[in-house]
Structures are given as structure tokens and as C-alpha cells.
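> below are the sequence and a predicted model; questions follow.
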Amino acid sequence: MTKKDLVAAIAKETGLTIKDSGNALNAFVASVGTAMKKGQRLQLPGLGTFKVAKRSARVVRNPRTGAKLNVPAKKVVKFKAAPALDKSL
């Protein structure tokens with residue numbers, strides 16, 4: 001499903017226009033991004049939980065050349081599906 005498909009589905013379900021549905025989706029994505037930058041969790045019942053996790057620095061090996069590379073620590077977004085979503089699949 002593409003963003004365009006999702007906007008159309010939201011418009012159909014809610015009775016909003018496609019433009020309003022697109023604006024709502026853009027606002028949702030921006031809000032999620034703001035929450036993730038602050039390190040907050042986002043729980044959506046029936047869908048799942050988004051959270052920020054720290055990935056520690058590590059040394060990896062290039063399989064082609066065998067050279068060792070240092071990968072710096074960074075923050076990543078993790079998603080855990082809600083049990084209801086898991087069961088529906």
C-alpha cells in the first residue's frame with residue numbers, strides 16, 4: 001500500500017476529502033517524528049508501539065574483503081505489533 005492508497009482509504013472510511021485525509025496523515029507522521037526525536041514512546045492500541053532504542057557501537061566485518069569496520073552508536077526506531085494485529089494475520 002502506498003501513501004496515496006492510504007490517503008484514499010482514510011478518505012473513504014471517514015468521509016473526509018482526499019486533501020483533508022492527506023493533511024491528517026501528514027500531521028500524524030510529523031507528530032510521530034516529533035515524539036521519536038524526543039525519545040518518547042507511541043502506543044496505538046490495536047496497532048502496536050513505536051519506541052526509540054539505542055544501538056551500541058560495534059565492530060563489523062566486510063564479508064567481501066574481510067576488513068573490519070567500526071559502526072558508531074546510534075538511535076533507532078523499533079516497532080512491536082499489538083497482539084490483536086498479530087492474531088489478525
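That came through, no problem. Numbers count the residues shown, from 1 in each chain.
> for the protein, what spans make up the helices?
Read by DSSP state H, the chain holds these helices, from start to end of the chain: 3-14, 18-37, 83-88.
> dump those to CSV, plus mean pLDDT, mean neighbour count and distance to Asn70.
No exception for glycine: its C-beta is placed from N, CA and C like everyone else's. Shown next, in CSV, are the helices of the chain (pLDDT from 0 to 100; neighbours: other C-beta atoms under 10 Å; distance: least, C-beta to C-beta, whole Å):
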stretch, mean pLDDT, mean neighbour count, distance to Asn70
helix 3-14, 96, 13, 36
helix 18-37, 94, 13, 25
helix 83-88, 90, 10, 36
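> columns distance to Pro72 on top of the ones you listed, output as JSON lines?
Supplementary listing: the helices of the chain in JSON lines, determined by distance: least, C-beta to C-beta, whole Å:
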{"stretch": "helix 3-14", "distance to Pro72": "31"}
{"stretch": "helix 18-37", "distance to Pro72": "19"}
{"stretch": "helix 83-88", "distance to Pro72": "33"}
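> OK, contacts around Lys3?
Leu25 (C-beta atoms under 8 Å, 6 or more residues apart in numbering).
> Asn26 and Gly33: what is the separation?
11 Å (C-beta to C-beta, to the nearest Å).
> now for the two: what residues contact both?
Applying C-beta under 8 Å, 6+ apart, one finds that no residue jointly contacts Asn26 and Gly33.
> re the thing from before, and of the helices of the chain, who's closest to Val71?
Nearest of the helices of the chain to Val71, taken as C-beta to C-beta: helix 18-37 at 20.7 Å.
> helices or strands next to that closest one in the packing?
With contacts defined as 3 or more C-beta pairs under 8 Å, 6 or more residues apart in numbering; DSSP states H and E, the secondary structure elements packing on helix 18-37 are helix 3-14, strand 42-44, strand 48-55.
> not counting its neighbours along the chain, what's nearest Pro45?
Taking C-beta to C-beta, 6 or more residues apart in numbering, and ignoring the residues beside it in sequence, Pro45 has Ala82 as its nearest neighbour in space, at 6.7 Å.
> start to end distance for stretch 64-79?
31 Å (C-alpha to C-alpha, to the nearest Å).
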